[in-house]
Structure formats: structure tokens, C-alpha cells
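Visitor: sequence unknown, structure follows:
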């Protein structure tokens, strides 16, 4: 697999030159930078992922390659025209739009299992929800800080090289023997100025474009070998998320078609796996669509679906009377034995770090990116608290793995919540799989010259592999917990903390390095405990099946 050098990535960035002054950006958790030779339209497809639609009204469109989560190194922020810059017209997404985008990206489809997480861990799961939210928010800030440092170092290197070349050229033309020493002095001056700029005001920092992403930081921190490892984890996470989507779609279809003639027919013909097969039949053809932007539009329903389910649960609890109080009595403060499974589910909900640099690049004021991340996690945690709290209070120990399955059957609110939940995995499956398919194409050495039958075969093969895995592991909460603990915890918690400690070790105080070390140890422990618990639960269910 080819891993692109940051300098090549910068040259790969293309300018959106249409006459429109606004555009819509749909990075559904793009995950991996693949090749600088991709066309602008194909690069835009790479922005796709499991997570959510980021729609921003801006003067430019980010048309660079990237990969959500999301190696944002291939993305580049388009620069304002000189006329607009002189007029001081703000460009990019405003803070409210950015926060909405982040909530969409972070929460994804994992919210449906938050009440089940409370059932597994008791009310203490909500405390874990906020604790992990704070830790994931910190690693998000750490990642953006690393991106900014890489931006400054890259800008300093480019400026130094240009100054040295210009001075050397002048010396060669004039025969001045002092040209080379003066070039060295210019390089040193530029480097010193860039080193000090990381501690300067926001106005000075904005002079350096926001371009670096997850891949650039990983490459700078770990080298090419480390970047290869990070890329492998990212691809594995994407495929795991696709498997979760298939199982979630099957569960939701089973809920939607329960008590219907069609549902009974499917069960009679195909048995328990009938709805899983139906989910595969519906989702696999989407990987062959020539334009995935149509699917991206459905992803914007993510926050709406979560909010609708939350309001429905709150309304049912408030109007439930004695039945609601009876279910509340069936709850537990702490379930220590099954609490570890909660870690993976919550990590799955809080994923999305690899898209954070991309979101920051789309902002009108990129320096406010860390603030937007804080608000995004706070709102996500609040929504999940409402979902988990009211869902667990309503159904107690009988809470389903997908909360929509616990809603009153045949009711209008249950139908609405189920349909909204159904759209998320359906729209995100092909978008999440696309970066992996592009990587396989690149591995074949053909890039965009790959014939359509080969491209279709690659996508169908990957989709079939995900469907086969999902059909053999049809337990959405356990599968989500395993992917979240093993893969998402690595990409969104362990690796960002490690990159921050490596790159910022000479700039951080002792307590800062200690904090990174604590987060790293916490991430490793949670990943180990959560993945082990989810794996054992899957084994028990498969043995009992």
C-alpha cells in the first residue's frame, strides 16, 4: 500500500472552481488518504463514512483526498480570494453549524444501544458515559494541537526551502560569495519565527493554513511504519463498522416488519437470519452507485433520529404512570460483572477523531476548532444521557439491544423512530466502505484507470465479506462493543494521546506528559477489558445458538 508523503498530499489538493459561492461537504467519516492521482469527484467520495453529513456553506469546497474517521492530511482548506480577503468577508462554517456537524459525526448510529449499555452497567453507566466523554474530548483537543504544530513545521520547511533556493539563485547569478551564508541565515530566521508562532495569538496562527490531518500527524509521530499500522487499524475499523451497520439494519427491519405478513413470510422462508439477508439485499447494491452524494443526504437524519427517540422515551416515561415507576424499580445502580461491555459501546458512540481536522478546516474561524469539539462532546453526552436514562428507566432489565425494539409496537411514534433509525445504516454502509475499496484499487496499481467491472467486483467482494461476518455474528450490541473497544478506542483515544506525547514532549510541562501517559494507560486498559468482555459475550451467544 502506498502512503503519501505530506508534501505530496499538499500538491494533491485541488481548488473547487465552480461559479457557485456555496457548497455542501459530506465527509461521512472519511478514513484514509489513498492517492494524489484521484480526480476531484472521486476524492469527494472518500469523504464518506458511517458517521454523519457535514454540510457547510462556504466559498470553497474541500476537494482533497482524506480518510472516520478520516486521515485528513489529504484535505486542504481553500484560500479566500484577495478581494474577499480585503473585504474581510467570513468564509466557512459558523460555530453552530460546526457543532451540529460534530454531533452528527461523533454520535453516529451508536445511540440506539445506550439504554442497553445502562442495562448492562446499571445507572453507573451514565457516569462512565461522561467520564469517557471528557477523556475523548481531551484527546480531540490533543489531536488538533498536533495538527497545528505539523502545519507550522510544514510551513516553516516550505518557506525555508523557498528562501534558500531564492538566495542561492541570486548568488549564482551575481557571483556573490556571501549568498550561501545569507541563505542559511534566512532559513534559521524563518525556522525560529515558525517555532515561536505556535505560542502566538490566533491572528498570527491564521497566517498558516490549516491543512494537516490525522495521517500527517501519524506519519510525523511514528514514521512510515507507524503510519502503515495506523492505516491498518483504520481500515479494520471501517470494515467493522460496516458489519455493525448490517446487523443494526437487520434488527431494525425485524422491528419494523414485526406483526406483519411480510415479516412472517421472511421468517418462514429464511428462518432467524431472514432479516439479515434482507438487510444485505437492500444495502449491498448501494456500493455500486456512481454518485454516493445522494446517500450522504440521508445521513443528516442522524441527530434528528436520536433526538426523536429521546423525546419519545421521555414522553413515554412521563405518561407511563405506575407502569413507568414499576420499571424504574427494576433498575440497578451498578452491575460490576457486565460493566466492561459498556466501555466498547460508549467508545463506538464517541468515535470520530479522524474527522476533527477536516471539520476544523471547514470552519470560518479554524482556531475555534477545540471549542467546537468541546461543545460537540457535551451535546452528544447530553443526548445519550437522555436516551440512556429514560430508556433504562422505562424498560429496566428488559431493555433491548436496539432501543427502538422496546418501543410500543404498532404505535406511530415507534414507526417514526424505527424508520429514522433505519436510514442511518442504509445510507452509511457504502460511504463507509468506499475508502477501503479505493485503497484496494490503489493496491492493484491501477487507481482511476481500473475498469468498472473490476471496481464493482472489489466493492461487491468487500460488501459480501462484511455481510457474511454480520450474518455469523448477529448480535449488534456485542459486535458494537467489540469494534468500539478494540478499534475505535485505539483510533480515537490511544493513538491521539500517544501522538501528542511524542510530538509535544519538548513543549509540554511535566504534568502534561503525565496526563497523556494516564490517558494512554486508561485507553489500553479500557480497550483490553472491553474487547475481552465483548469477545467472551459473543462466544457464549454463539455457543448457545
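Guide: Good, I have the coordinates. The shown structure was predicted, so the numbers you read here are calculated from the model rather than taken from an experiment.

Visitor: wait, is residue 501 part of a helix?
Guide: Yes. With DSSP: H, G, I helix; E, B strand; the rest coil as the criterion, residue 501 is located in a helix.

Visitor: Quick check: chain neighbours aside, which residue is closest to it?
Guide: The shortest distance from residue 501 to any residue other than its chain neighbours is 4.0 Å, reached at residue 516 (C-beta to C-beta, 6 or more residues apart in numbering). For glycine as for every other residue, the C-beta is placed from the backbone atoms N, C-alpha and C.

Visitor: how far does the helix or strand harbouring residue 136 sit from the chain's center?
Guide: If you go by DSSP states H and E, residue 136 is part of helix 124-174. From the chain centre to the centre of helix 124-174 is a distance of 20 Å (C-alpha atoms, centre = their mean, to the nearest Å).

Visitor: Let me know the average pLDDT across that helix.
Guide: For helix 124-174, mean pLDDT is 85.

Visitor: And for stretch 248-256?
Guide: For stretch 248-256, the mean per-residue pLDDT is 93.

Visitor: one step back: what about the residue nearest to residue 501, neighbour count?
Guide: Applying other C-beta atoms under 10 Å, we find 23 residues neighbouring residue 516.

Visitor: Report all helices and strands that the host helix or strand of it contacts.
Guide: Per DSSP H and E, residue 516 falls inside helix 510-544. Packing contacts for helix 510-544, counted by 3 or more C-beta pairs under 8 Å, 6 or more residues apart in numbering; DSSP states H and E, involve helix 124-174, helix 340-349, helix 476-483, helix 489, helix 495-503.

Visitor: Tell me which residues of it come out buried.
Guide: Neighbour-count burial for helix 510-544 flags 515-516, 519-520, 522-524, 526-527, 529-535, 537-538 (criterion: 16 or more other C-beta atoms under 10 Å).

Visitor: Same question for stretch 428-448.
Guide: Quick answer for stretch 428-448 (16+ other C-beta under 10 Å): 428-442, 447.

Visitor: So which of these sit within helices?
Guide: Here DSSP state H is the test, and the buried residues of stretch 428-448 give 428-442 as lying in helices.

Visitor: what residues are up against residue 542?
Guide: By C-beta atoms under 8 Å, 6 or more residues apart in numbering, residue 542 lies in contact with residue 473.

Visitor: Identify each buried residue in stretch 258-272, please.
Guide: Residues of stretch 258-272 classed as buried by neighbour count (16+ other C-beta under 10 Å): 263, 266, 267.

Visitor: which one of those sits closest to residue 422?
Guide: Using C-beta to C-beta, residue 263 comes nearest to residue 422 of the buried residues of stretch 258-272, at 13.9 Å.

Visitor: and the closest one, what is it in contact with?
Guide: Residues in contact with residue 263 (C-beta under 8 Å, 6+ apart) are 254, 257, 275.

Visitor: Could you dump the residues you listed into JSON lines with neighbour count added?
Guide: Converted to JSON lines, the contacts of residue 263 look like this (neighbours: other C-beta atoms under 10 Å):
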{"residue": "254", "neighbour count": "20"}
{"residue": "257", "neighbour count": "19"}
{"residue": "275", "neighbour count": "24"}
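
Visitor: So which of those belong to helices?
Guide: Residues of the contacts of residue 263 located in helices (DSSP H): 254, 257, 275.

Visitor: any chance of these in a markdown table, with distance to residue 332 too?
Guide: Compiled in a markdown table, the ones in helices among the contacts of residue 263 are given as follows (distance: C-beta to C-beta, whole Å):
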| residue | distance to residue 332 |
| --- | --- |
| 254 | 27 |
| 257 | 33 |
| 275 | 31 |
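
Visitor: Pick the one among those closest to residue 410.
Guide: residue 257 (11.9 Å).

Visitor: isn't residue 387 right next to residue 306, touching?
Guide: Yes. Look at residue 387 against residue 306 with C-beta atoms under 8 Å: they come within range, at 6.8 Å.

Visitor: okay, and the common contacts of the two?
Guide: With C-beta under 8 Å, 6+ apart, residue 387 and residue 306 have common neighbours residue 111.

Visitor: Just give the number of residues close to residue 478.
Guide: When neighbours are defined as other C-beta under 10 Å, residue 478 has 26 of them.

Visitor: Please identify the helix or strand for the closest residue to residue 246 other than its chain neighbours.
Guide: Computed as C-beta to C-beta, 6+ apart, the closest residue to residue 246 that is not its neighbour in sequence is residue 470, at 3.6 Å. According to DSSP H and E, residue 470 maps onto helix 452-472.

Visitor: if I look at residue 277, how far off is residue 216?
Guide: 42 Å (C-beta to C-beta, to the nearest Å).

Visitor: whoops, I mixed them up, residue 491
Guide: From residue 491 to residue 216 the distance is 15 Å (C-beta to C-beta).

Visitor: which residues of the stretch 301-450 of the chain fall in helices?
Guide: With DSSP state H, counting those that start in this stretch as the criterion, the stretch 301-450 of the chain has helices at 301-318, 322-328, 340-349, 356-361, 369-395, 412-443.

Visitor: before we move on, back to that, and the helix holding residue 470, what does it pack onto?
Guide: helix 214-257, helix 274-283, helix 412-443.

Visitor: on that earlier part again, and the residue nearest to residue 246, what does it touch?
Guide: By C-beta under 8 Å, 6+ apart, the residues touching residue 470 are 243, 244, 246, 247, 250, 276, 279, 280, 479.

Visitor: what about the last one, neighbour count?
Guide: It refers to residue 479. A count of neighbours around residue 479, defined by other C-beta under 10 Å, yields 26.

Visitor: Surely residue 520 is in contact with residue 490?
Guide: No. Using C-beta under 8 Å, residue 520 is not in contact with residue 490, being 11.1 Å away.

Visitor: could you give the angle of the helix holding residue 136 to helix 510-544?
Guide: Interaxial angle, helix 124-174 versus helix 510-544 (axes from the mean of the first three to the mean of the last three C-alpha atoms, to 10 degrees): 120 degrees.

Visitor: and the angle for helix 124-174 with helix 495-503?
Guide: Using the same axes, to 10 degrees: helix 124-174 against helix 495-503 is 40 degrees.
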